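Undergrad: Mind looking at a prediction? Sequence and model below.
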Amino acid sequence: MTTNNSVQVSVLGLGAMGSALAGALVKAGYATAVWNRTPEKADDLVAQGAQAAATAGDAVRAGRLVIACLLDHASVHEVLDPLSSELAGRTLVNVTTTSPAQSRELAAWAAQAGVAYLDGGIMAVPHMIGRPGSSILYSGSAEAFDQYKPLLDLWGSSTYFGEDAGLASLYDLALLAGMYVMWAGFMHGAAMVAPAGVTAGEFAAMATPWLTAMTGAFQGFAAVVDGGDYTVEGQQSLQFSNLSDLLAASSDQGISTEVVAMVQRLIQRQIDAGHGEEGFARIIESIRQPG
């Protein structure tokens, strides 16, 4: 296992997240070189003990482990393509947000360059790094994950999904899908009660415990989906889940119905196909087979 004194780390990209990752490494005693296109972003980290690198190449040469936390997939190639020979023999952990296909493409690029590649999906916001609740998902090189796990665990709980470099990104984006749809649902509710003089804060006080309690239904839905039988007893039927009244009430409040209408379309497609008496979990079939 790697210890604090046996590895030098380089962090490329010092936005809010990159700075948080680098800061956790410096605090833990790792020799950390940092680089950013805007050099001033390294000042606080240098004050904490990091080494500023004048160029991305200088940063890569300074560390056996290279962390990329850049804007996007194109930025990773823009920064690292000219440095492929410098990266050879090193380990690259890419925590830039990418699609599964992009992560796999980067893994193939790294393999051709002789670079051990680990892809990461960060399930946290910058201030959570190194604190309870921070979670980072990894896929790619098992050897790299095992070797550097003590370092990776500084940022949050580390979960490894296998050699397929796209899996961490897939899980990351799937979890974000649930988050964004939930957030949109909250915004819809807040907009719905606003004409009645209810503030968003007042609505949040009601919505938080309610939505938290409703997440308890996930395992039940999962059991039905995995079992493939939407007729098992104890489910709320699609007919009962019809959202026509919710849509009408939203229109009466003078707000957009787009968020709820999306769910209603998923429900209605299954009802129209003759499955109205089956459980709500069946809407996954509408998602699996786009209309």
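TA: Looks like it arrived, so ask away. Numbering: from 1, shown residues only.
Undergrad: Now residue 23: which helix or strand?
TA: Assigning secondary structure by DSSP states H and E places residue 23 in helix 16-27.
Undergrad: What residues of that helix count as buried?
TA: Judged by neighbour count using 16 or more other CB atoms under 10 Å, the buried positions of helix 16-27 are 17-26. The C-beta positions use only the backbone N, C-alpha and C, and glycine is treated the same way.
Undergrad: Just the buried residues of the longest helix belonging to the chain, please?
TA: The longest helix of the chain (DSSP state H) is helix 167-193. Neighbour counts over helix 167-193 (16+ other CB under 10 Å) mark 167-172, 186, 188-193 as buried.
Undergrad: Switch those residues over to TSV; also include distance to residue 30 and pLDDT.
TA: What follows is the buried residues of helix 167-193, written out as TSV (distance: CB to CB, whole Å; pLDDT from 0 to 100):
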residue	distance to residue 30	pLDDT
167	27	98
168	22	98
169	25	97
170	29	98
171	27	97
172	25	96
186	39	98
188	45	98
189	45	98
190	43	98
191	46	98
192	49	98
193	49	98
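Undergrad: Point out where the stretch 1-150 of the chain drops to low pLDDT.
TA: Along the stretch 1-150 of the chain, the parts satisfying pLDDT under 70 run over 1-6.
Undergrad: so what's residue 92 bridging to?
TA: residue 66, residue 117 (DSSP bridges).
Undergrad: quick one: it from residue 22, how far?
TA: 16 Å (CB to CB, to the nearest Å).
Undergrad: packing partners for the helix or strand just after the longest helix of the chain?
TA: Proceeding N to C from helix 167-193, the next assigned helix or strand is helix 200-214, under DSSP H and E. Applying 3 or more CB pairs under 8 Å, 6 or more residues apart in numbering; DSSP states H and E, one finds that helix 200-214 contacts helix 167-193.
Undergrad: And the helix it packs on, how far out from the chain middle?
TA: 11 Å (CA atoms, centre = their mean, to the nearest Å).
Undergrad: Kindly calculate the angle that that helix makes with helix 200-214.
TA: Angle of helix 167-193 versus helix 200-214, following axes from the mean of the first three to the mean of the last three CA atoms, to 10 degrees, is 130 degrees.
Undergrad: counting contacts, what elements does helix 167-193 pack onto?
TA: Counting by 3+ CB pairs under 8 Å, 6+ apart, helix 167-193 packs on helix 100-113, strand 116-123, strand 135-140, helix 200-214, helix 244-252, helix 258-272.
Undergrad: any chance of those in a markdown table, with mean neighbour count and distance to residue 54 too?
TA: Output for the helices and strands packed on helix 167-193, formatted as a markdown table (neighbours: other CB atoms under 10 Å; distance: least, CB to CB, whole Å):
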| stretch | mean neighbour count | distance to residue 54 |
| --- | --- | --- |
| helix 100-113 | 19 | 23 |
| strand 116-123 | 25 | 26 |
| strand 135-140 | 24 | 29 |
| helix 200-214 | 12 | 47 |
| helix 244-252 | 13 | 56 |
| helix 258-272 | 16 | 48 |
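Undergrad: Save those as CSV, and put in distance to residue 291 too.
TA: Formatted as CSV, the helices and strands packed on helix 167-193 follow (distance: least, CB to CB, whole Å):
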stretch, distance to residue 291
helix 100-113, 24
strand 116-123, 29
strand 135-140, 31
helix 200-214, 26
helix 244-252, 18
helix 258-272, 6
